[in-house]
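Novice: need the 3D shape of this:
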Amino acid sequence: MYHPPVTDHSVLLRFSYFEHDWDEAIEGPEAMEAELLRRAAEGEWHEVADEAPDEFATLDELVQRAEEVIVGEWEMPVDAVRLPLGKLRAIIADGGWTFVAGEFSDFEGHHNDTELLVRLDRTLP
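Specialist: All right, here's what the predicted structure looks like:
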């Protein structure tokens, strides 16, 4: 009889560009681009307690949406998306995780920063 793998561990991870923490002196497209790239390069994924994401079923869909907004709409370099997603791919590969679901939320005035939220599972054989 077939027994599906048992989930050993599930984790929610968030990556944020923390726009609400940016120095008010950062103005103009070049300065904003530099700050976004700096945060993409230096930022880390953090474990959070939150509701599980359900917007995207695959990592590729999450990447596509993030690129549509950050690269397409904001006209920022693709590395602003690829750097944090590269870190996530390394976390997945190094820890034996499986991407389960993800969400992307973009900067919204006084409400939220641009963030990526993912659920990863690790299973036992």
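
Novice: give the buried residues for the helix or strand of the chain with the lowest mean pLDDT.
Specialist: Every helix and strand of the chain was ranked by mean pLDDT, DSSP states H and E. The lowest is strand 6-16, at a mean of 82. The neighbour-count check on strand 6-16 (16 or more other CB atoms under 10 Å) flags 11-16 as buried. Bear in mind the C-beta positions are built from the backbone N, C-alpha and C, glycine included.

Novice: can you show me the strands along this structure?
Specialist: 6-16, 46-47, 98-105, 115-124 (DSSP state E).

Novice: okay, now the unreliable bits of the protein?
Specialist: 1-8, 19-23, 107-111, 124-125 (pLDDT under 70).

Novice: if we use 50, what do you get?
Specialist: 1-6 (pLDDT under 50).

Novice: any idea which helix is longest in it?
Specialist: helix 79-95 (DSSP state H).

Novice: elements contacting that helix?
Specialist: The contact analysis (3 or more CB pairs under 8 Å, 6 or more residues apart in numbering; DSSP states H and E) places helix 79-95 against strand 6-16, helix 29-42, helix 59-67, strand 115-124.

Novice: would you mind putting the buried residues of strand 6-16 into TSV with distance to A40 alongside?
Specialist: Shown next, in TSV, are these (distance: CB to CB, whole Å):
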residue	distance to A40
V11	21
L12	20
L13	15
R14	14
F15	9
S16	11
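
Novice: what is the burial count for the closest residue to A52 other than its chain neighbours?
Specialist: Once flanking residues are discounted, A52 sits nearest to R119: 5.1 Å by CB to CB, 6 or more residues apart in numbering. As a burial measure, R119 scores 20 neighbours (other CB atoms under 10 Å).
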